[in-house]
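A.B. asks: next one to model:
(one chain, ligands or ions: 1)
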Amino acid sequence: MEADKNLPGAPDSIMQYSLGYAPLLIINAAVENSIFDSLDSGPKTAEELASDSNASLRGVRSAANALASLSLLNKDDFGAFSLTPESSKYLVSSKPDFLGPMLRHSVQLLPQWMKIADVVRTGLPASPVNNEATGGEFFKDFVEALFPTNYPTAKALGEYLEISDLLKDFSVLDLAAGSGVWSIALAQQSPHVVATAVDWKDVVEVTRKMVRQRGLEKQFSFIEGDIQQVDFPKEQDLVLLGHILHSEGAERSRALLKKAHGALKPGATLAIAEWLVDEPRVSPRRAAIFSVNMLVNTEHGDVFTFNEISGWLLEAGFVDPKILDCPGASNLIVAVRA
Ligand SMILES: C[S@@+](CC[C@H](N)C(=O)[O-])C[C@H]1O[C@@H](n2cnc3c(N)ncnc32)[C@H](O)[C@@H]1O
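C.D. replies: Numbering: from 1, shown residues only. Have a look, this model is predicted:
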């Protein structure tokens, strides 16, 4: 295959980002037009794909060729397209690892990202989602999409805590629970897990649904409200903070860790799932870019280093903060209430 040619004198490092938004949008368009779903039953030409997916031949041909250039489809010498192992696993809607809802969410963020020049100038988001008025609606449509990405990590946390060996009740406080993925994975590992899920009212509806779908109602109770304001139950065996510090920002996170400390028994565990950034704050790239996502969408949100979060944990009265070695795209930190 011929390599991309460049404008004379234009650096590849910049030119590769011209139309940099296009791959996400093309993949999402293919998901929405069932192109990957259609190919799940076998290779198809553009004509066959168009008739199977009800999309235009011109549209399908162009999108499928671009997807082949992105290595998300194969194209044979006779013009037939087929799935790659990656697109077969992650882009077919019937597969358990389907990432379509995540991609759709990224597309939904675009109108806010379009305002980024102003956001960088002012340091203020156009429409922050870190409050119930806008955040409830925003997250209720999104948290379910996070379930499959966090579930393997949540199961690994259960193994680390030896949840399946429990002989008596073990109370779990799942803060900013979203889909409830963290506490659901633990509740599935032992009937002794007794979980309280806290989130904004609109989102708790989703948590309830996810719990009900898995037949775990007897193990769960729910608190609707803002995690900074509602009273937490006391004497908990475990507090979970799944992907919430980044939208709260440094000061509110420090306050939240102190409040979480007050909810735990001595010797009990706090677990934090987060996108950690390395010390110079430039890698991994996903974390550095996620920091800008927080700039665009929240008032104080950011990504943090392990040292920053460890410092807040020690300040709040926790000991022994460490990163668990477990599957998942983000990091899992655990610490113990002294
Ligand atoms: C990125 S999602 C993470 C959900 C889940 N913990 C996970 O790891 O998949 C953030 C969640 O925090 C909730 N949230 C954000 N700020 C909150 C606040 N101040 N009070 C209550 N819930 C909040 C959102 O509604 C959303 O469910």
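A.B. asks: which of the three states applies to residue 17?
C.D. replies: coil (DSSP: H, G, I helix; E, B strand; the rest coil).
A.B. asks: how many other residues sit next to it?
C.D. replies: By other Cβ atoms under 10 Å, the residues close to residue 17 number 9. Any C-beta I mention is one placed from the backbone N, CA and C, and that applies to glycine too.
A.B. asks: how close does it get to residue 23?
C.D. replies: Applying Cβ to Cβ, to the nearest Å, the value for residue 17 to residue 23 is 11 Å.
A.B. asks: do residue 211 as well
C.D. replies: 36 Å.
A.B. asks: likewise residue 144?
C.D. replies: On the measure of Cβ to Cβ, residue 144 and residue 23 end up 24 Å apart.
A.B. asks: up against the ligand, what does the stretch 1-150 of the chain have?
C.D. replies: By the rule Cβ under 6 Å from any ligand atom, the part of the stretch 1-150 of the chain lying against the ligand is 130, 135, 139, 143, 146, 150.
A.B. asks: who are the neighbours in contact with whichever residue of the stretch 1-150 of the chain sits closest to the ligand?
C.D. replies: Nearest residue of the stretch 1-150 of the chain to the ligand, counting by Cβ to the nearest ligand atom: residue 139, 3.5 Å away. When contacts are counted by Cβ atoms under 8 Å, 6 or more residues apart in numbering, residue 139 touches 129, 178, 199, 200, 202, 203.
A.B. asks: which element is it on?
C.D. replies: Taking DSSP states H and E as the definition, one finds residue 139 inside helix 132-140.
A.B. asks: just the CA trace of that helix, in CSV.
C.D. replies: C-alpha atoms of helix 132-140 as CSV (Å, rounded to 0.1, in the frame of the first residue of the first chain):
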residue,chain,number,x,y,z
GLU,A,132,-26.7,17.8,39.0
ALA,A,133,-28.6,20.2,36.7
THR,A,134,-26.6,19.3,33.6
GLY,A,135,-24.7,16.3,34.8
GLY,A,136,-27.7,14.1,35.7
GLU,A,137,-28.9,14.2,32.1
PHE,A,138,-25.4,13.9,30.7
PHE,A,139,-24.3,10.9,32.8
LYS,A,140,-27.6,9.0,32.7
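A.B. asks: now it: buried residues?
C.D. replies: 132, 135, 136, 138, 139, 140 (16 or more other Cβ atoms under 10 Å).
A.B. asks: do the same with stretch 169-180
C.D. replies: 170, 171, 172, 173, 174, 175, 176, 177, 178, 179, 180.
A.B. asks: then stretch 40-58?
C.D. replies: Result for stretch 40-58 [16+ other Cβ under 10 Å]: buried residues 40, 43, 44, 45, 46, 48, 49, 50, 52, 53, 55.
A.B. asks: the first one contacts residue 94, correct?
C.D. replies: Yes - contact between residue 40 and residue 94 holds when scored by Cβ atoms under 8 Å: they sit 7.2 Å apart.
A.B. asks: which bits of the stretch 151-300 of the chain sit near the ligand?
C.D. replies: Contact residues, the stretch 151-300 of the chain versus the ligand (Cβ under 6 Å from any ligand atom): 176-179, 181, 199-200, 203, 226-228, 242-244, 247, 273.
A.B. asks: closest one of those to residue 306?
C.D. replies: Of all these, residue 273 has the smallest distance to residue 306: 12.9 Å, by Cβ to Cβ.
A.B. asks: give me the number of residues near that closest one?
C.D. replies: For residue 273, the neighbour count with other Cβ under 10 Å is 23.
A.B. asks: just checking: what are the partner strands of the helix or strand where it lies?
C.D. replies: Assessed by DSSP H and E, residue 273 sits inside strand 264-274. Sheet pairing of strand 264-274 (DSSP bridges) gives strand 236-242 (parallel), strand 331-337 (antiparallel).
A.B. asks: point out the most buried one among the ones you listed.
C.D. replies: Of all those, strand 236-242 carries the top mean neighbour count, a mean of 25, counting by mean count of other Cβ atoms under 10 Å.
A.B. asks: mean confidence for that one?
C.D. replies: Strand 236-242 shows a mean pLDDT of 98.
A.B. asks: send me it as CSV with only the CA atoms.
C.D. replies: Provided in CSV are the C-alpha atoms of strand 236-242 (Å, rounded to 0.1, in the frame of the first residue of the first chain):
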residue,chain,number,x,y,z
GLN,A,236,-18.4,0.7,55.9
ASP,A,237,-16.0,-2.1,54.9
LEU,A,238,-15.2,-0.6,51.5
VAL,A,239,-15.7,2.7,49.8
LEU,A,240,-15.5,2.9,46.0
LEU,A,241,-14.6,6.0,44.1
GLY,A,242,-14.9,5.0,40.4
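A.B. asks: residue 103 - nearest residue in space that isn't next to it in sequence?
C.D. replies: If the residues on either side of it in the chain are set aside, residue 103 comes closest to residue 28, at 4.8 Å by Cβ to Cβ, 6 or more residues apart in numbering.
A.B. asks: ok, now residue 105?
C.D. replies: Closest residue to residue 105 apart from its sequence neighbours, by Cβ to Cβ, 6+ apart: residue 142 at 5.0 Å.
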